[in-house]
Structure formats: C-alpha cells, structure tokens
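Asks: I would like to see how this sequence folds:
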Amino acid sequence: MEKANKLGDKVRSVRELKNFGVDELAKESGISAELIASIEAGDLVPSLTPLIKLARTLGVRLGTFLDDQEITGPVVTRKGALRAARVVRVAEGRTQEKTELDFFSLAHDKSGRHMEPFMIEIDPASAEHIKLSSHEGEEFIHVLEGQVEIQYGRNAYLLDTGDSIYYDSVVNHHVHSADGKPARILAVVYAPF
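Replies: Residues are numbered from 1 along each chain as shown. Have a look, this model is predicted:
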C-alpha cells in the first residue's frame, strides 16, 4: 500500500540533502522541532505558513514539497482530479479529522513554478478558531461560492461570490467563512524563492 502522506518524506529528504538537523532547521525556520518531526513522520500535513518557512530556510520552492513529478509544459487539472491533488491543512501541533480549510493543488506537478494555485473549500467552523499568520510573498483570492472574511492586520474584508482580493502575505492574515456556511475560493500564493 502506498503511503498517503508523501510530504513528510519529501521534507525529510530535502532537509537531509541540505545537511540540516531537525533542531538546526527549527532554529533557522522558527518552526518547532516537534512540528517538524510530526511533519516528517507523516502524522500531519501543516498549513502553508510552516511549509513556506521550511522551503525558504532550505532554499527550495514551496512546490518541491508538493510535487509528485516534474512537468515542464502546461498542467491541466480536470474537475474530477481535484480530490487527488488534496493538501490538508491542520492546526499547528495537532491533527484534525475535519479540517477548516481543504486545499486542492491546481498545478502540483508543474516544474519551476513561482505561484501555487489552489481551490480551497472553507468549513464554516473556520471563523471559530481565528489565528492570524504571515509568511513572505503575496496572495490572490477569488470567491467562487459563499461569503468569506479576510482578517488582514487590524482590518477585515468581507467578500461575496465573485469578489477578489490581492494582498501581501507578510501582514498577519486569516481566511474564514463569514456567514456560517461553507465557501469555496480560488487562491494563488506567490512565495519568493
């Protein structure tokens, strides 16, 4: 049987290739050694923030952890293939059966990409546990279904179906359902190498 969480193996292999110990990587990235060990063991798949910090510290692009194979031409993702490209977001330090944000990569095998496009399903419970986070880069979000609130620094932006927002990810932010109902967004994340 194939291991469901390949991300942990990829993080470990890149860390070892770059000659980082877990404690050294924790110190350099600002991610706890316990969280890194849990990621590498396949116990959880983290949100984008720790992945971006690990990629940046290790000197690789975010996609290095998400890719199964390298495609140099265009990547076409058919609607029926989204479930196969799933990246699950969990709260830092613990796994969840039901996640608040489910990420579906739209270009998981594209080599040399500089952007990470995702279809994200937002659970209504996402507004209950708001924990702002930040990382280098920029994000573009377009609401496909539902109503979404973006907490961005001290401001909140309410977006309805068809609305979009583009912001710098270095400012603390959080994306969540605004009306107690599920929502779906298209998100494009740019994290500089």
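
Asks: tell me the pLDDT of the residue most central in space within the chain.
Replies: Nearest to the mean C-alpha position of the chain, counting by CA atoms, centre = their mean, stands residue 48 at 2.9 Å. Reported pLDDT at residue 48 in the predicted model: 79.

Asks: again, but for residue 62
Replies: In this prediction, residue 62 carries a pLDDT score of 79.

Asks: same question for the one 5 residues further on.
Replies: Reading off the per-residue confidence, residue 67 sits at a pLDDT of 65.

Asks: from here on, call the first residue 27.
Replies: Will do, 27 is the new start, and the previous item becomes residue 93.

Asks: might one say that residue 37 is in contact with residue 88?
Replies: No - with contact defined as CB atoms under 8 Å, residue 37 and residue 88 do not form a contacting pair (11.4 Å). (Glycine included, C-beta is placed from N, CA and C.)

Asks: neighbours around residue 70, how many?
Replies: Residue 70 is surrounded by 21 other residues when neighbours are defined as other CB atoms under 10 Å.

Asks: how far away is it from residue 137?
Replies: 27 Å (CB to CB, to the nearest Å).

Asks: neighbouring strands for the one helix or strand residue 129 maps to, and are they parallel or not?
Replies: In this structure, residue 129 is located in strand 127-131 according to DSSP states H and E. According to DSSP bridges, strand 127-131 has the following sheet partners: strand 112-114 (antiparallel), strand 141-148 (antiparallel).

Asks: include mean neighbour count when you put the ones you listed into CSV, please.
Replies: Formatted as CSV, the entries for the strands paired with strand 127-131 read as follows, by neighbours: other CB atoms under 10 Å:
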stretch, mean neighbour count
strand 112-114, 18
strand 141-148, 21
